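[1] could you look at this predicted model? Sequence included:
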Amino acid sequence: MTILVTGATGTVGRHVVDQLIQRGQKVRALTRNPLQANLPADVEVVAGDLSDPSTLVSALVGVSGVHLITTGAEYTPLETGPEIVELAEKAGVRRVTVLWNGKKGPFERAVEASALEWTQLQAFEFMANARKWANSIRSEGLVRDLFGESRIAPVHEADIGRVAAVALTEDGHAGKVYTLTGPESLSVQDKVRIISEVIGQEIRFVESSEEEEREQMRRMRVQEDAIDYVIRWHLNPPKSAYTVTPTVKEITGQPAQPFTQWVSEHVQYFKNP
């Protein structure tokens, strides 16, 4: 049987694809732009848009499991969850993993009310979010951020992919909500220090204003309501966001990867050629 990965070219989706391939699974990748997917040759790439459930009908044929995301273009929460869940049930899908941000909406509730064997994966922050500092580090040797002291336990996207692959291919994960973190709680300034150490370059931290932070997110095409949410959340993060969990190791048998590892894998973002 085939496993469908939505958001397959995204920050997490590509890792889900890779981990499923390593497990010998047949993978079908859903993307809005198949010609730009750049996925392994043995992956079946199909066109589709989660904001338009009608485009998923053929993609779901013969599928036993689906990895779902709950946001569409420009980080907009999807309103089509109930329709997607209904299509998945009609197609005979058995298992789904849902990558969500802790805000339970129509999508998550539809999955929970379904007959699907669902697993929800909650990641408060991806390590890849550090890429937003890449330009200023390369051009100015500094990081501007509003949340210098705000702590969080970011998770490596590959670890999310590993957990998703296990949940989609093994029994025992139905009805579970897994909070996924890395092995350490880090402030923004901690992350800047680690990047500096790994790339061997001094990086200054400059605390930005709220309006500067908002403008940066606007340039990333984040919607205004999402910007409001992110700023409020980071100024007063919940305890669960900076509390390290052992979930990655419990599910995969391998420890969660540290931020140092992520930076080492992505030095090209922060150093000039």
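    Ah, there it is.

[2] which other helices and strands contact the lowest-mean-pLDDT helix or strand in the chain?
    Least confident helix or strand, the chain: helix 224-235 with a mean of 86, by mean pLDDT, DSSP states H and E. Judged by 3 or more CB pairs under 8 Å, 6 or more residues apart in numbering; DSSP states H and E, the packing partners of helix 224-235 are helix 210-219. For the C-beta atoms, the positions are set from N, CA and C on the backbone; glycine is no exception.

[3] in the stretch 101-250 of the chain, what spans have low per-residue confidence?
    Counting by pLDDT under 70, the stretch 101-250 of the chain has low-confidence residues at 101-102.

[4] any idea where the strands of it begin and end?
    117-123, 142-145, 151-152, 176-180, 186-187, 204-207 (DSSP state E, counting those that start in this stretch).

[5] can you redo these as a markdown table with mean neighbour count?
    Putting the strands of the stretch 101-250 of the chain into a markdown table (neighbours: other CB atoms under 10 Å) gives the following:
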| stretch | mean neighbour count |
| --- | --- |
| strand 117-123 | 23 |
| strand 142-145 | 20 |
| strand 151-152 | 20 |
| strand 176-180 | 18 |
| strand 186-187 | 18 |
| strand 204-207 | 15 |
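
[6] coming back round to it: what sits up against the least confident helix or strand of the chain?
    If you take CB atoms under 8 Å, 6 or more residues apart in numbering as the criterion, helix 224-235 is touched by 75-76, 103, 146-147, 150, 152, 210, 213-214, 217-218, 222, 241.

[7] who wins for neighbours among these?
    I152 (24 neighbours; other CB atoms under 10 Å).

[8] that one against L186, yeah?
    Yes - using CB atoms under 8 Å, I152 is in contact with L186, at 6.8 Å.
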